[in-house]
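Novice: test case, fold it:
(one chain, ligands or ions: 2)
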Amino acid sequence: ASLLHEDSSMKDLERLRAEFDRVDERIIEALAERRGLVDAVGRQKAKNKSSLRSTEREEELLARQIAHGKARGLDAHFVTRVFHEVIDDALRLQELQVVQRAAGTSGVVRVAYQGVDGAYSQLAAQKFFARDLDRTELIGCLTFEDVVGHVESGAADYGFLPIENTTAGAINQVYDLLLHATLSNVGEEVFRVDHCLLALEDVPLFKIRRILSHPQALTQCGKFLSKLRNCQTESVADTALAVRKVKEDQDLSQAAIASAEAGRDHGLHVVQRNIADQDENYTRFLVVAKQPLEIDDRVPCKTSLVIATSHDEGALLRALDALHQYAINMTKLESRPRPGVPFEYLFYLDFEGNMAEARVQQAVEQLRAETRFLKVLGSYPLQGRARTSPPSHSYFAPAKQAETSVASATPSATAAVTPSNVTYKLASRGSKSKNTTIRVRGVTIGGDDAFVMMAGPCAVESREQIRACARAVKEAGAHILRGGCFKPRTSPYSFQGLGFEGLEMLVDAGREFELPIITEVLSSEDVRAVARHADILQIGARNMQNFSLLRAVGQVDRPVMLKRGMSATIDEFLNAAEYILGQGNQQVILCERGIRTFETSTRNTLDLGAVPILKQRTHLPIVVDPSHAAGERSLVVPLALAARAVGPHGMMVEIHPNPEEALSDGPQALRFPEFQDLVRATLLSGA
Ligand code: PEP
Ligand code: MN
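Specialist: Ligands and ions are numbered 1, 2, ... in the order given. From the prediction side, this is the model:
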C-alpha cells in the first residue's frame, strides 16, 4: 500500500512539474513578445529622435506593476526586481540598436579577446554581445597585443580588453597598449568575477601543493593564498589555461583558480567558491574598434582620454578645472609613468559625456589648451546605469490612509548659536559650508531634504529572523537594515550577539533585499573586519567616549553612526565626533537615542531639543532613535512622530517578527504592521 501511495505521490509531483513547465513557457513567450515590442519602440524612437529613457515613465510602470502584483499576492520587492531586469534588458537592446546603427554593422561580428575557452574575458564578451550572440564570433588570442593586432589588421571587428579590477586595480599593460594603438573605445562591460578554487576532486585544502592561475587572479586572492601552507603558486597565461593544465596533469595536489564555468567545462570540482580578497570583485572591460562610434546624445555615454600636463605648478588642476566648468562628472583618473621620461606622468581619465555633445567638445578643447598631449580614446555607452526606484507611495497600501499624519517643521539652521568656546572644529558648522551627505549603496543620508528610515532587530538572532526583518524593511519602503551582532549588554549573562556569524546573516539579508546594512562595532580589534562587510558602523551609546574605538573607526573608509552617550552633553557628543573626523573619516552620522534623567518611567528621556541645536552647530547628518529612548513599544510611535517634526535627517527603530521571543530589547520592538504604518506616516509627511 505504501508503495502504491509513493507511486501516486510521484505522479502528483510530475503533474505539478509539468504545470510549472507550462507557466515557465508562458513567461518566456511574454518576455519574447515584450522584446519584439521593444525593438519596434526603439525604431520609433530613432525616427522621432526621442530620448531612450524616461524616469517618469519607468516610475509609472513600476508603481502600476507593484499594485498589480500586490493584488495577486506578490511583494513589491520581488516585482521591482523582476521589472528592473526587464527594463534593463530593454534599454540595453535599444542602446545596442543605436550603437550598431552608428557602427553600420550587420552580418557576423568578430570579437577578439585574450584567453582560451572559458576565460573571464570570453564570459564577459558573451555578456556584452548577449543580445546578438548568434551573429558573434569570438576569437581567442594569446596576448593583449594580439587582440589589438587583430583589430588593427581587420581580422576582428572588435577587441575586448580588461582595463581594471576592483580588487587589484588598473591593468597597466592594457593602458600602455591603448596609448599607442590606433583604436577607439566603443563600449565597456562590468563583469562580476567569482574566483573559485578548482581541482580534480573535492580534495582537502591542506593537500594542495601547487595553484595555477593568471597573475591577476593570484593577486586578487592574495589573502586566501597566504593562509595555505606548503603551497606554491604558478602564473599561466590565463585562468582557463590553468584549468586545462590541472585536468591534463591528473595530479591531485594541483588546483586552479578560475571561474566555476571554466571548471565545469573541463570537469573539475569546485573546492571553494568566492576566494577573492573582496567578495565583490568586478573587472571592467573595454570594447575597442578601428573607428570611433558616433552615438547620438540620447544614449548616456562615457568618454575616455589620455592627457599629459606640462610640468608646472597647478597644471593638473587647471586641466581638470575645464571639466568642472562644463559641469562634467569625472568617473576615473589613473596616472601612468610616461614611457622614457622618468617621474613624468600620463593621466587616463574617464568622464560622463559624449563627444557628440557641444558641451563636451568645448570642455575637451579647453582641456587641450592646458595640456601637452591629448588623445581622445572614444565615447561609448556607459554600463551600470542607475535603476529607477519605485515611487514611495507604491509601497503603501492604496486605499488605506495613514491614521497618523504629521507635518514636519524643519527649523532653519541659519541663526547658528555656536558657543564661542567650542573645542571641536571639524564637526562645527563653520568648518564646512554645505551639509555633509553620506551615500551608501544608493541611499543618501544628510543634506537638505533626504529622510532616511533605518530599521531592524536589536540583535541578529537567526537567518530566518533577519531575513523576515529585511523583507519587512523593504516592503515598508524603509531604506537601511540594522541588526546588532556584537551586543553591549548590561549583564554579562545576557545574550551577547552572534558575532561574525550574525554579521554574515545580516550581509546576506541586506544583499537579498538590496538594503545597505548598519551594525555596531564594540572593540577596536574588530573594526577592520566589521568594516569589510558593513555599510555603516555603529558606535553605541556606551562607547561614545571610548576614544581608542573612536580613533579606530576614524581610520577606516566607512560611514560611522555615533550614538549619544546616555549622560553626554551636546558639547561632549560633538567632541566625540571630532575624534573620528580628526583621524580622516569625514562620514559621521550623529544619533540622538535618549539620555538619562531623573525620570524613571521610560528607559531614557528622548532629548528632541538636541536635534535643532545640533543642526545649528554641525553640518553632520542627525538621526533619532526613539526605540532605545522609549524602552516600551507603545511609546515608540508617538516619540517617532514627534521626532520627525523636529527635522532630523533620518530615524532608526527596532522591529521584530515576534517581539515576545526576542533575545534582546523585545519590549520596545515594533511589530511589522505598526512599523509599516510608522514608515508611511513619516515618509509621507515629507518636509
Ligand atoms: C543599539 O542600537 O543596538 C544599541 C545598543 O543602542 P544604544 O547604544 O543607543 O544603547
Ligand atoms: Mn537594542
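Novice: now this protein against ligand 2: closest residue?
Specialist: Closest to ligand 2 within the chain is residue 458: 3.3 Å, counting by Cβ to the ion. Using the backbone N, CA and C atoms, a C-beta is placed for each residue, glycine as well.
Novice: let me see the contact set for that residue.
Specialist: 484, 487, 654, 656, 662, 664, 665, 666, 668, 669 (Cβ atoms under 8 Å, 6 or more residues apart in numbering).
Novice: isn't residue 563 right up against residue 595?
Specialist: No: the criterion here is Cβ atoms under 8 Å, and residue 563 misses it with residue 595 at 10.9 Å.
Novice: who has more neighbours out of those two?
Specialist: Legend: neighbour count by other Cβ atoms under 10 Å for residue 563 and residue 595, higher for residue 563 (26 against 20).
Novice: ok, longest helix in this protein?
Specialist: In the chain, taking DSSP state H as the definition, the longest helix is helix 2-48.
Novice: check which element follows that helix along the chain.
Specialist: As assigned by DSSP states H and E, the chain's next helix or strand after helix 2-48 is helix 55-71.
Novice: list of residues touching that next one?
Specialist: By Cβ under 8 Å, 6+ apart, the residues outside helix 55-71 that reach it are 75-76, 78-80, 83, 87, 388-391, 393-395, 397-398.
Novice: tell me which parts of the chain are close to ligand 2?
Specialist: Residues of the chain lying near ligand 2 by Cβ under 5 Å from the ion: 458, 665.
Novice: give me the most central residue, the chain.
Specialist: residue 441 (4.5 Å; Cα atoms, centre = their mean).
Novice: pull the contacting residues for residue 648.
Specialist: Applying Cβ under 8 Å, 6+ apart, we find residue 648 in contact with 451, 592, 611, 622, 623, 624.
Novice: give me every residue that touches the nearest residue to the last one once chain neighbours are set aside.
Specialist: Yep, that's residue 624 we're talking about. Distances taken as Cβ to Cβ, 6 or more residues apart in numbering place residue 643 nearest to residue 624, at 4.0 Å, with adjacent residues excluded. Shown in contact with residue 643 (Cβ under 8 Å, 6+ apart): 606, 608, 611, 624, 626, 651.
Novice: so the second one sits against residue 646, correct?
Specialist: It stands for residue 608. Yes: Residue 608 lies in contact with residue 646 (Cβ under 8 Å); the separation is 5.0 Å.
Novice: if I look at those two, which residues touch both of them?
Specialist: Both residue 608 and residue 646 are in contact with residue 624, where contact means Cβ under 8 Å, 6+ apart.
Novice: helix, strand, or coil at the closest residue to ligand 1 within the stretch 151-300 of the chain?
Specialist: Nearest residue of the stretch 151-300 of the chain to ligand 1 (Cβ to the nearest ligand atom) works out as residue 279 at 24.9 Å. Three-state assignment for residue 279 (DSSP: H, G, I helix; E, B strand; the rest coil): coil.
Novice: what about it, how many neighbours?
Specialist: Counted with other Cβ under 10 Å, residues neighbouring residue 279 total 13.
Novice: help me confirm that residue 276 comes into contact with residue 218.
Specialist: No: between residue 276 and residue 218 there is no contact under Cβ under 8 Å: 10.7 Å.
Novice: how about the helices in the stretch 101-250 of the chain?
Specialist: With DSSP state H, counting those that start in this stretch as the criterion, the stretch 101-250 of the chain has helices at 120-128, 144-153, 172-180, 215-220, 222-226, 239-249.
Novice: isn't residue 301 right up against residue 383?
Specialist: No: look at residue 301 against residue 383 with Cβ under 8 Å: they stay out of range, at 10.9 Å.
Novice: have a look at the two and say which one is more surrounded.
Specialist: Counted by other Cβ under 10 Å, residue 301 and residue 383 do not tie: residue 301 has more neighbours, with 23 against 17.
Novice: that one pairs with what?
Specialist: For residue 301, the beta-bridge partners are residue 381 (DSSP bridges).
Novice: how about it, what does it touch?
Specialist: Residues in contact with residue 301 (Cβ under 8 Å, 6+ apart) are 295, 352, 353, 354, 356, 379, 380, 381, 382.
Novice: now it: how far from ligand 1?
Specialist: Applying Cβ to the nearest ligand atom, to the nearest Å, the value for residue 301 to ligand 1 is 44 Å.
Novice: surely residue 372 forms part of a helix?
Specialist: No: counting by three-state DSSP, residue 372 is not found in a helix; it is strand.
Novice: hmm, back to that, can you give me the pLDDT of the residue of the chain closest to ligand 2?
Specialist: At residue 458, the model reports a pLDDT of 98.
Novice: may I have the phi/psi pair for it?
Specialist: Note on residue 458: its backbone torsions stand at phi -60, psi -50 [degrees, to the nearest 10].
Novice: helices of the stretch 401-550 of the chain, start to end?
Specialist: In the stretch 401-550 of the chain, the helices defined using DSSP H, counting those that start in this stretch lie at 463-476, 499-512, 527-533, 547-554.
Novice: name the helices or strands packed onto the shortest one?
Specialist: Put plainly, it is helix 527-533. Under the contact criterion of 3 or more Cβ pairs under 8 Å, 6 or more residues apart in numbering; DSSP states H and E, helix 527-533 touches helix 499-512, strand 536-539, helix 547-554.
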